[in-house]
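# My questions concern the predicted model and sequence given below.
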Amino acid sequence: MDKFLTLTAFRRVVQLFSFVFLVYGALFFTTFYSADKLTTNLPSLSCAYDKQSGDYCALIPLQHQAHHRISGAFSELDLISALLPTAITLGGFFILIVILSKAFCGWTCPLGFFQEVITMVGKKLKIKQIDSLTKETLKKVRPIKWFIFAFLVLIFPLLAGLGFVGHELGNPFCSICPSRILTTLAVGDMTQIYVDNSNTTYMILSLLADLLFGLMIALALFVRQPFCRICPMLPLQSVFKKVGLLKLVKDGGNKCDGCNNCAKACPMDIYEISEKAENKNITFNDCTLCGRCVEFCPDDNVLKLKYGPINLFSSSNEYFKKRNKIEKWSYKQ
């Protein structure tokens, strides 16, 4: 098997195309509407701070709406005007989740693609890779994304709108998000790497942003998808994951011999993939539907990527043997 004919290779081509469109998308369109965020009503994963982007991250309108709109429902009691913008944002996100499910992250996110590239650079530099995080480490790491989503995306912006905290906490996640720095740097904008000394809170947030961006790059050299593990997009997706047409299905029964190859291949270290299941949707909260578990399963038709009733890609022993020759880990033959 040619290494350019694998599912992972195809996915990286899609990621590269998505990176170009999402980060530079506005350059391809000339009208004011399209250049001023082509898909404001179709929120994806590109950063609003990137003036050339062709898309719009769903997390920034959620923060702004909690800050300026939802908080107004408590003071003005105008529920319709307060909640309608949030309903539209979540409705657009819901449509994308139905169409793409959690592949949203594994196939289109610019920040996820960037981390994969850094990991590949680390391998080329022969930096010792950490194949998998321990279960004990995962227990400590996994709740962080829920904490970030609850407090930085929802609670602090809402409290800022109600006047309990300063307005500098109106969009705290965007203030520290590494995607803001990545996508602006990608278009030659250096303004987002700075220390804001206008007040103490802004200074702390800007320092955290620079630290998190640098730490993400350093960790990605030897740990797969370090920021993805704590990204608040995963909790938001998890709310709608069961309605997504694209899903990971396991039909193990007696055919799965418990080799754990799937868990080892998973860049998010989802050990639960290796558990017994019969014709069950196992798209876990941290799953990005990258398909690597399916590629490295040596048992025929045990793991499948399905789109509705359509089988897109299934595990097979023949594919596994050819795939394992390209990327040799401690996988069972």
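In hand now; what should we look at?

# which residues does Leu185 contact?
With contact taken as CB atoms under 8 Å, 6 or more residues apart in numbering, Leu185 is in contact with Gln192, Ile193. C-beta: built from backbone N, CA, C; applies to glycine.

# Helix or strand for it, just tell me which one.
Using DSSP states H and E, Leu185 falls within helix 178-186.

# what separates that helix from the chain centre, distance-wise?
15 Å (CA atoms, centre = their mean, to the nearest Å).

# then it to PDB, C-alphas only?
What follows is helix 178-186, C-alpha atoms only, in PDB (Å, rounded to 0.1, in the frame of the first residue of the first chain):
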ATOM      1  CA  PRO A 178      -4.300  29.400  20.700                       C
ATOM      2  CA  SER A 179      -6.300  29.400  17.500                       C
ATOM      3  CA  ARG A 180      -6.600  33.200  17.700                       C
ATOM      4  CA  ILE A 181      -2.800  33.400  17.600                       C
ATOM      5  CA  LEU A 182      -2.300  30.700  15.000                       C
ATOM      6  CA  THR A 183      -4.800  31.900  12.400                       C
ATOM      7  CA  THR A 184      -3.700  35.600  12.700                       C
ATOM      8  CA  LEU A 185      -0.100  34.600  12.400                       C
ATOM      9  CA  ALA A 186      -0.900  32.500   9.400                       C
END
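
# after that helix, next one along is what?
Counting by DSSP H and E, the element after helix 178-186 in chain order, helix or strand, is helix 200-220.

# for that next one, which positions count as buried?
Thr201, Tyr202, Leu205, Ser206, Ala209, Asp210, Leu212, Phe213, Met216, Ile217, Leu219, Ala220 (16 or more other CB atoms under 10 Å).

# got the contact list for that helix?
Counting by CB under 8 Å, 6+ apart, 115, 118-119, 122, 166, 168-169, 172, 175-178, 180-182, 192-197, 226-227 sit against helix 200-220.

# So among those, which ones count as buried?
115, 118-119, 122, 168-169, 172, 175-178, 180-182, 192, 226-227.

# State the helix or strand in which Gly54 lies.
Using DSSP H and E, no helix or strand contains Gly54.

# measure it to Val23 for me?
Computed as CB to CB, to the nearest Å, the Gly54 to Val23 distance reads 8 Å.
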